[in-house]
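Participant: this is the structure alone, sequence omitted:
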Ligand code: ADP
């Protein structure tokens with residue numbers, strides 16, 4: 001009788017049972033979950049370190065800015081014109097650096113889970129009107145007209161008033177900064193599906209599809225924008241984080257060369273919520289149009 005060959009004797013590999021597959025997948029998921037937690041913890045610690053370091057840089061910077069102001073003040077002795085020019089350059093650079101540090105601190109604090117917002121019912125029309133007012137000078141500098149189409153329903157949003165205005169100011173400034181002279185920036189607001197959507201539309205340089213995600217990351221700027229104006233690439237990442245912290249979303253639609261619409265949403269405040277003092281006054285004032 002012929003012997004079976006060695007190959008024929010090799011046992012068939014045993015197939016994993018469904019219960020074993022489920023067990024294996026469960027332990028893999030658990031491994032990935034603990035890895036994700038470790039990475040998140042590491043990222044929070046890095047953000048906290050960055051926030052503390054940036055915060056520490058503010059004290060000497062405030063001293064530089066303060067002493068530059070004192071030097072510029074003639075009651076401490078006069079400076080010749082060239083010295084005045086140098087001192088005002090120190091003051092300008094100091095203020096610029098302080099702005100950058102403040103943005104970095106805020107982004108890092110949000111990422112570390114250390115920035116709190118205080119949402120309350122706010123009349124969206126009023127918030128936009130106030131920001132439009134303070135943005136008029138800036139729009140004029142860029143020769144851009146600013147228009148606001150208020151929602152006749154004047155919805156109440158649940159938002160941190162100061163943070164909402166910070167986001168609005170950033171988006172309106174960007175719209176003016178990256179627009180062509182003589183063009184229009186339009187701000188619109190309206191309630192839909194339980195949230196209020198605010199959009200800022202410009203007729204400016206626009207953003208290519210491949211750049212639309214990365215501009216929400218810190219220090220990312222487009223080539224087209226860099227040719228038009230100075231910037232650090234911190235305003236959008238901070239604005240998006242602030243909106244998300246308040247329960248909303250932010251995005252952009254754009255046609256390169258024709259313009260962009262930056263939009264964000266915020267939850268509608270419930271009818272039973274008491275409007276903030278500022279918002280109560282708003283209800284009595286009529287919406288206005290802003291055009292330079
Ligand atoms: P900064 O304006 O200081 O560069 P931001 O974070 O506010 O920083 O914006 C990041 C980048 O997104 C800008 O550098 C620019 O490339 C692009 N961007 C923002 N707003 C607009 C806009 N309205 N039109 C075209 N590009 C824009």
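Facilitator: Cool, got the structure. In this text, all values refer to a predicted model and were calculated from it rather than measured experimentally. Numbering: from 1, shown residues only.
Participant: going by C-alpha atoms from here, please, whenever you check contacts or count neighbours.
Facilitator: Fine.
Participant: residue 226 - that's part of a helix, no?
Facilitator: Yes: per DSSP: H, G, I helix; E, B strand; the rest coil, residue 226 lies within a helix segment.
Participant: list the buried ones in stretch 97-108?
Facilitator: Residues 98, 100, 101, 102, 103, 104, 105, 106, 107, 108 are the ones in stretch 97-108 that count as buried (16 or more other Cα atoms under 10 Å).
Participant: A strand includes the third one, no?
Facilitator: This points to residue 101. No: counting by three-state DSSP, residue 101 is not part of a strand but helix.
Participant: that one contacts residue 54, correct?
Facilitator: Yes: the criterion here is Cα atoms under 8 Å, and residue 101 meets it with residue 54 at 6.0 Å.
Participant: what about residue 209, distance to the ligand?
Facilitator: 11 Å (Cα to the nearest ligand atom, to the nearest Å).
Participant: now swap in residue 263 and tell me
Facilitator: On the measure of Cα to the nearest ligand atom, residue 263 and the ligand end up 11 Å apart.
Participant: near the ligand, which residues of the stretch 151-292 of the chain are found?
Facilitator: Within the stretch 151-292 of the chain, the positions adjacent to the ligand are 174-175, 178, 204-207, 215, 220-222, 225, 231-237, 260 by Cα under 6 Å from any ligand atom.
Participant: one step back: got the buried residues of stretch 97-108 as TSV, with distance to residue 32 columns?
Facilitator: Below are the buried residues of stretch 97-108 laid out as TSV (distance: Cα to Cα, whole Å):
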residue	distance to residue 32
98	40
100	36
101	35
102	35
103	33
104	30
105	30
106	30
107	27
108	25
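Participant: buried stuff in the helix or strand harbouring residue 140?
Facilitator: Assigned by DSSP states H and E, residue 140 belongs to helix 124-141. Using 16+ other Cα under 10 Å as the test for burial, helix 124-141 gives 124, 125, 126, 127, 128, 129, 131, 132, 135, 136, 139, 140.
Participant: can you flag the buried ones in the residues of the stretch 151-292 of the chain next to the ligand?
Facilitator: Applying 16+ other Cα under 10 Å to those flags 174-175, 178, 204-207, 215, 220-221, 225, 233-237, 260 as buried.
Participant: if we can go back for a sec, which one of the buried residues of stretch 97-108 is nearest residue 29?
Facilitator: Nearest to residue 29 among those, counting by Cα to Cα, is residue 108 at 29.1 Å.
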